[in-house]
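Student: Sequence isn't available, so here's the structure alone:
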């Protein structure tokens, strides 16, 4: 099977139409898009489009035993960062869209997120617990520059004294440093920034529209200086591609005062596996087989060498020699650097339900 050429500025090599739901490939109907390549040429720029989504709810609740939070907010669907390994890509298939290029070019924004959050927090029976942002798509991806939905959500949480955690690959998070610093003074926020490598050229291939590694590390330093609890996440660790940077990333983060760190092994659910294989064939054909052999080996005990282990309790816990090696390297480095501190506990006791409509109360 021939390997498609890389698309400059994008992570996925192809659209990769999903087949899990019996969706058929788009049928040519005479629209100009059917002849796009003939009209614009094979090198035509693939542009990002944003559709406004008027959601009815904004907080998603879960009971997963594998993650440390029970609720989250996603202000956007899809992510322009284009990280080829992103485990959230398959969610676009639910909308009859490709987990490949559609996921990073056909985005959805939820402009009513802050108002919906306010209404939810104002309900008499609501009980506060930290809300996670950045679980499915990045809250600080490039379109946040225009829509500012994440900032609006932060404003509501600050007003209601509701705790929140943020995970991002973008230095754009420091543009909300005023809000984050104020929330930190009330023990209401913790921010994690994911750094995958220290090589900007590699990052440009893996996560083409995310902030460069140096910018992310700089953002971590600014968060620390502002008193915001900061955390560095090495996510994901890709064997024979990014694992060489484990100690370096930790050292750079520690030098900026970051007190804690974590790592996550590469996971390839559903359509992410074939997309990642295409990416390897396009950029690292010399080691593609080795990378996939290691990826399969860390899941071997549970699922016989599949590309992914979807089972609760084991999907987030890689096994085997390679996983043990990465785990040991990480543990030694964090201990040496003093980065094995426990993440701060966020304060739910100060929560005060806001008014549902945003108006000040008379009493």
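Tutor: Cool, got the structure. Computed from a prediction, not measured in an experiment: that's the story for all the values here.
Student: so how far is stretch 269-284 from its chain's centroid?
Tutor: Computed by Cα atoms, centre = their mean, to the nearest Å, the chain-centroid distance of stretch 269-284 equals 18 Å.
Student: What average pLDDT does that stretch get?
Tutor: Taken as a whole, stretch 269-284 has a mean pLDDT of 93.
Student: now the helices: where do they sit in this structure?
Tutor: Taking DSSP state H, the helices of the chain run over residues 36-40, 101-105, 113-121, 144-147, 149-160, 177-185, 200-206, 213-225, 246-255, 272-283, 288-297, 300-303, 321-337.
Student: of all those, which gets the most neighbours per residue?
Tutor: Neighbour counts (mean count of other Cβ atoms under 10 Å) averaged over each of these peak at helix 101-105, with a mean of 25. Any C-beta I mention is one placed from the backbone N, CA and C, and that applies to glycine too.
Student: Who are the packing partners of that one?
Tutor: Under the contact criterion of 3 or more Cβ pairs under 8 Å, 6 or more residues apart in numbering; DSSP states H and E, helix 101-105 touches no helix or strand at all.
Student: Let's see that with 10 Å instead.
Tutor: strand 49-52, helix 272-283 (3 or more Cβ pairs under 10 Å, 6 or more residues apart in numbering; DSSP states H and E).
Student: elements contacting the last one?
Tutor: The helices and strands touching helix 272-283, judged by 3+ Cβ pairs under 10 Å, 6+ apart, are helix 101-105, helix 200-206, helix 288-297.
Student: that older thread, now render the helices of the chain as TSV, adding distance to residue 94.
Tutor: As requested, these are arranged in TSV below (distance: least, Cβ to Cβ, whole Å):
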stretch	distance to residue 94
helix 36-40	25
helix 101-105	11
helix 113-121	19
helix 144-147	22
helix 149-160	21
helix 177-185	32
helix 200-206	25
helix 213-225	30
helix 246-255	33
helix 272-283	15
helix 288-297	25
helix 300-303	24
helix 321-337	31
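Student: Ok, which of those comes nearest residue 263?
Tutor: Residue 263 lies closest to helix 321-337 among the helices of the chain, at 5.2 Å (Cβ to Cβ).
Student: between that closest one and helix 288-297, how big is the angle?
Tutor: Helix 321-337 and helix 288-297 are oriented at 80 degrees to each other (axes from the mean of the first three to the mean of the last three Cα atoms, to 10 degrees).
Student: now for helix 321-337, which elements pack on it?
Tutor: With contacts defined as 3+ Cβ pairs under 10 Å, 6+ apart, the packing partners of helix 321-337 are strand 230-237, helix 246-255, strand 260-265, helix 288-297.
Student: pLDDT on the third one, on average?
Tutor: Model confidence over strand 260-265 averages 95 on the pLDDT scale.
Student: what angle separates that strand from helix 321-337?
Tutor: Taking the same axes, to 10 degrees, strand 260-265 and helix 321-337 form an angle of 170 degrees between their directions.
Student: on that earlier part again, need the helices and strands packed on helix 101-105 in a markdown table (columns: distance to residue 123).
Tutor: Formatted as a markdown table, the helices and strands packed on helix 101-105 follow (distance: least, Cβ to Cβ, whole Å):
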| stretch | distance to residue 123 |
| --- | --- |
| strand 49-52 | 25 |
| helix 272-283 | 36 |
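Student: which ones are touching the residue nearest to residue 269 when sequence neighbours are not counted?
Tutor: Closest residue to residue 269 in three dimensions, ignoring its sequence neighbours and counting by Cβ to Cβ, 6 or more residues apart in numbering: residue 308, at 5.0 Å. Contacts were defined as Cβ atoms under 10 Å, 6 or more residues apart in numbering; by that measure residue 308 touches 87, 266-270, 272-273, 295-296, 299, 315.
Student: Serialize the residues you listed to TSV and add fields for distance to residue 107.
Tutor: Formatted as TSV, the entries for the contacts of residue 308 read as follows, by distance: Cβ to Cβ, whole Å:
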residue	distance to residue 107
87	17
266	24
267	23
268	23
269	21
270	20
272	18
273	23
295	28
296	32
299	31
315	27
